[in-house]
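>>> model this:
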Amino acid sequence: MKEWINRYDPGAYWFAMSIQNNTDRAIEAWSVELEFSSALKIKESKIEGIEFEIPHEAHLNTFKISVPREYGIVIPKEGAQRVYFKLRADKPKTMYEIKGVFKSKITGDIPIRAKEFKYLCDAGVSPDAVKAELKKTFSEKDAARLALSFKTVQELDRMCDQEAKTEEYLDKLSVLKNYTEGFSNKFTRQVDEFARFMKEEQLGYLDEEYKGKVRRFCTNLIDVWISEFLKG
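Here you go, the predicted structure:
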């Protein structure tokens with residue numbers, strides 16, 4: 001599961017569901033319907049092992065995927081199938097709940113028990129929402145600096161999926177260090193390690209060998225930023 005998430009989008013929040021087929025027949029057609037707070041959004045869904053997009057229906061606080069028999073996505077008898085839903089919310093440090101139902105002709109309607117989780121933050125949250133949260137802990141001036149640093153982290157995260165030059169990363173990391181200097185030794189070390197890697201290992205454009213390593217640095221940068229500056 002962790003390997004799958006790291007491959008698709010390690011910087012996002014994923015709601016992962018393992019559908020267990022305890023019957024003596026293969027399930028050839030099935031659907032999943034989820035309910036959640038209107039402040040939470042499901043951006044997309046993925047079925048493990050399936051590369052093509054599965055059609056879905058999305059409304060204010062519901063999300064549904066339907067898998068007809070023609071798709072050939074079978075849940076074998078006594079087997080399982082994992083489904084991943086990418087979550088997004090605009091407000092950090094908020095508790096949310098997801099519940100739903102799994103449906104098929106063989107099993108009937110099977111409730112998906114409610115799951116509560118705290119949506120801390122991810123690279124898609126707006127800097128303004130982050131600034132509002134930071135102001136609960138930091139002064140107006142410091143919150144503004146840290147909000148700008150979060151925006152820089154977002155820009156770095158987008159660069160990890162583009163053909164950016166090494167010098168562009170180094171420029172962003174220099175700006176980021178200036179914004180966050182004196183706030184967190186742990187975060188400063190993370191920025192320094194990222195910059196040192198880029199200086200020592202990279203020349204010009206990133207090649208395929210290092211893109212995965214750079215992506216991990218970007219993901220770690222987000223994680224450490226969140227843990228250091230959105231505490232509590």
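
>>> wait, isn't T23 in contact with K77?
Yes: checked against Cβ atoms under 8 Å, the pair T23 and K77 is within contact range at 6.1 Å. C-beta: built from backbone N, CA, C; applies to glycine.

>>> And the contacts of the helix or strand bottoming out on mean pLDDT in the chain?
For the chain, using mean pLDDT, DSSP states H and E, the weakest element among its helices and strands is helix 2-8, scoring a mean of 79. Defining contact as Cβ atoms under 8 Å, 6 or more residues apart in numbering, one finds that helix 2-8 is touched by 14, 16, 46, 48, 82, 84.

>>> Just flag the most distant two among these.
Taking Cβ to Cβ as the measure, the contacts of helix 2-8 span a maximum distance of 11.4 Å, between W14 and E48.

>>> quick one: which of those two has more around it?
W14 (17 against 14; other Cβ atoms under 10 Å).

>>> Could you identify the longest helix within this structure?
Looking across the chain with DSSP state H, the single longest helix is helix 208-229.

>>> And the strands in this protein?
Along the chain, the stretches classed as strands by DSSP state E are 13-20, 30-36, 40-47, 56-58, 62-67, 80-89, 94-104, 108-119.

>>> Switch the ones you listed over to a markdown table; also include mean pLDDT.
Shown next, in a markdown table, are these (pLDDT from 0 to 100):
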| stretch | mean pLDDT |
| --- | --- |
| strand 13-20 | 92 |
| strand 30-36 | 96 |
| strand 40-47 | 91 |
| strand 56-58 | 92 |
| strand 62-67 | 96 |
| strand 80-89 | 92 |
| strand 94-104 | 93 |
| strand 108-119 | 91 |
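
>>> Rebuild those strands as CSV, extending it with distance to E200.
Converted to CSV, the strands of the chain look like this (distance: least, Cβ to Cβ, whole Å):
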stretch, distance to E200
strand 13-20, 33
strand 30-36, 45
strand 40-47, 35
strand 56-58, 44
strand 62-67, 44
strand 80-89, 34
strand 94-104, 40
strand 108-119, 36
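
>>> Of these, which is nearest S126?
Comparing the strands of the chain by Cβ to Cβ, strand 80-89 comes nearest, at 10.6 Å.

>>> tilt between that closest one and strand 62-67?
150 degrees (axes from the mean of the first three to the mean of the last three Cα atoms, to 10 degrees).

>>> Let me know how buried Y8 is, in neighbour terms.
Applying other Cβ under 10 Å, we find 13 residues neighbouring Y8.

>>> so which of the strands of the chain comes closest to K141?
The nearest among these, by Cβ to Cβ, is strand 94-104 at 25.4 Å.

>>> Can you give me the buried ones in the closest one?
Within strand 94-104, the residues scored as buried using 16 or more other Cβ atoms under 10 Å are 94, 96, 98, 100, 102-104.

>>> Show me what it pairs with in its sheet, parallel or antiparallel.
In the sheet, strand 94-104 lines up against strand 30-36 (antiparallel), strand 108-119 (antiparallel) (DSSP bridges).

>>> Let's have these in JSON lines, adding distance to I226 and mean neighbour count.
As requested, the strands paired with strand 94-104 are exported to JSON lines (distance: least, Cβ to Cβ, whole Å; neighbours: other Cβ atoms under 10 Å):
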{"stretch": "strand 30-36", "distance to I226": "21", "mean neighbour count": "20"}
{"stretch": "strand 108-119", "distance to I226": "11", "mean neighbour count": "12"}
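
>>> Please give me every residue in contact with T107.
So T107 contacts 21, 23, 27 (Cβ under 8 Å, 6+ apart).

>>> do the same with I112
The contact partners of I112, by Cβ under 8 Å, 6+ apart, come to 17, 32, 34, 99-102.

>>> From the residues you listed, pick the one nearest S66.
Comparing those against S66 with Cβ to Cβ places V32 closest, at 8.5 Å.
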